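Novice: Mind looking at a prediction? Sequence and model below.
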Amino acid sequence: MKHLTEPAYIRWTLIIVALLFLGLFLILPLVAVFTEAFRQGAGVFVASITDEETLSAVKLTLLVAAISVPVNVTFGIAAAWAIAKFSFRGKNVLLTLIDLPFAVSPVIAGLIFVLLFGSQGVAAPLLAAWDFKIIFAVPGIVLATTFVTFPFVARELIPVMEAQGRDEEEAAVSLGASGWKTFLRVTLPNVKWGLLYGVILCNARAMGEFGAVSVVSGHIRGMTNTLPLHVEILYNEYQFAAAFAVATLLAALALVTLILKSLIEWKTERQAKLDEEQHYDVTGERAG
């Protein structure tokens, strides 16, 4: 069989274009961020990232991620298991709702929360009676972040669970295992890498979310400013060195996310090859 190959000049042209695009839109901005962060020296850099307002923004960002990510993991596992393992009315509606944050602008999502829970919102009388504040407070930031990030885990798990099928779970149930035990001993080990992949993407988006959080936060210094909002405020106040210094924290998060993402992809491919080899070995033994 003759293999189709492109001429060498086409291959090299495509490679050069890809490298130029990568350098222009990824490497160059990343280098610029770190260069500007250290332009006035390491002392200014350290002072900027250890500033009280910066530390407050870091704590709030970590708190929001610590709440929203577990919520989305719980929802994602439940939704993926229901969609992949069962047939029920409304499955397509559930899939559509899961994809809703991808279709709605984060700014519009934040505005919806303001219209619902703001001082003039639909739920304002109830919140006032309970003396509970959502908009321009931490609960609003958590709600907005949870909304824009909840598709990531579910969307990573659904294809993995569908590819896995239901044979192993049905065999476990027929042997007397409970639903919870079946999930822990059979389902979860088979989807662990897809789950971890979704968690990493969800966490990165949660920490870097800007649009929806900007609408509901109120930009209150030291109280409702996450890291992306703090970078914006510093830049608008012409504190460029401090803004880029804080931005390096988000850039470092992006780099760690890319590294972990690549490792998980490599691990997943390796595990798939091992499973395929084991399948062929078992098939060969049966045929023999």
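Specialist: Nice, thanks for sending it over. Numbering: from 1, shown residues only.
Novice: spatially speaking, which residue is in the middle of the protein?
Specialist: residue 202 (1.8 Å; CA atoms, centre = their mean).
Novice: Would you mark the buried spots in the helix or strand hosting that one?
Specialist: Element membership of residue 202, judged by DSSP states H and E, is helix 188-208. Neighbour counts over helix 188-208 (16 or more other CB atoms under 10 Å) mark 190-191, 193-208 as buried. Where C-beta positions appear, they are placed from N, C-alpha and C, glycine not excepted.
Novice: quick one, strands of this structure?
Specialist: In the chain, no strands are defined using DSSP state E.
Novice: top helix in it by residue count?
Specialist: Longest helix of the chain, by residue count under DSSP state H: helix 240-287.
Novice: tilt between that helix and helix 188-208?
Specialist: 170 degrees (axes from the mean of the first three to the mean of the last three CA atoms, to 10 degrees).
Novice: I'd say the residue nearest to the centre of the chain and residue 154 touch.
Specialist: No - in this structure residue 202 lies outside contact range of residue 154 using CB atoms under 8 Å: 9.8 Å.
Novice: shared neighbours of those two, which are they?
Specialist: residue 76 (CB atoms under 8 Å, 6 or more residues apart in numbering).
Novice: separation between the residue nearest to the centre of the chain and residue 85?
Specialist: 22 Å (CB to CB, to the nearest Å).
Novice: just residue 246 next, same as before
Specialist: In terms of CB to CB, residue 246 sits 44 Å off from residue 85.
Novice: So, low pLDDT: which residues of the stretch 1-150 of the chain?
Specialist: Residues of the stretch 1-150 of the chain that meet the criterion pLDDT under 70 lie in 1-5.
Novice: Go again with 80.
Specialist: 1-7, 9 (pLDDT under 80).
Novice: Same check on the stretch 151-288 of the chain?
Specialist: Those would be 169-170, 177-179, 265, 267-288, if you go by pLDDT under 80 across the stretch 151-288 of the chain.
Novice: For the nearest residue to the residue nearest to the centre of the chain once chain neighbours are set aside, which residues are in contact?
Specialist: Nearest residue to residue 202, sequence neighbours excluded (CB to CB, 6 or more residues apart in numbering): residue 152, at 4.1 Å. If you count contacts by CB under 8 Å, 6+ apart, residue 152 has them with 72, 76, 198, 201, 202, 205.
Novice: how about the nearest residue to the first one once chain neighbours are set aside, what does it touch?
Specialist: Take residue 72 and drop its neighbours on the chain: the residue closest to it by CB to CB, 6+ apart is residue 150, 4.6 Å away. Neighbouring residues of residue 150 by CB under 8 Å, 6+ apart: 71, 72, 75, 76, 98, 101, 202.
Novice: Give me the subset of the residues you listed lying in helices.
Specialist: Those of these lying in helices (DSSP H): 71, 72, 75, 76, 98, 101, 202.
Novice: how far away is the residue nearest to residue 72 from residue 70?
Specialist: For residue 150, the distance to residue 70 - CB to CB - is 12 Å.
Novice: Kindly report the same for residue 218.
Specialist: Counting by CB to CB, the gap from residue 218 to residue 70 is 25 Å.
Novice: quick one: which of these two has more around it?
Specialist: residue 218 (15 against 12; other CB atoms under 10 Å).
Novice: in the stretch 101-250 of the chain, which spans are helices?
Specialist: 106-117, 124-130, 138-149, 151-164, 167-174, 179-182, 188-208, 211-217, 227-236, 240-287 (DSSP state H, counting those that start in this stretch).
Novice: which residue sits closest to residue 255, ignoring its sequence neighbours?
Specialist: Residue 255 sits nearest to residue 30 (CB to CB, 6+ apart), 7.9 Å away.
Novice: From what I see, that neighbour and residue 252 are in contact.
Specialist: No - Residue 30 is not in contact with residue 252 according to CB under 8 Å; the separation is 10.1 Å.
Novice: who has more neighbours, residue 246 and residue 85?
Specialist: residue 246 (27 against 16).
Novice: any idea how far the nearest residue to that one once chain neighbours are set aside lies from residue 38?
Specialist: Of all residues not flanking residue 246 in the chain, residue 231 sits nearest, at 5.1 Å (CB to CB, 6+ apart). Distance of residue 231 to residue 38, computed by CB to CB: 16 Å.
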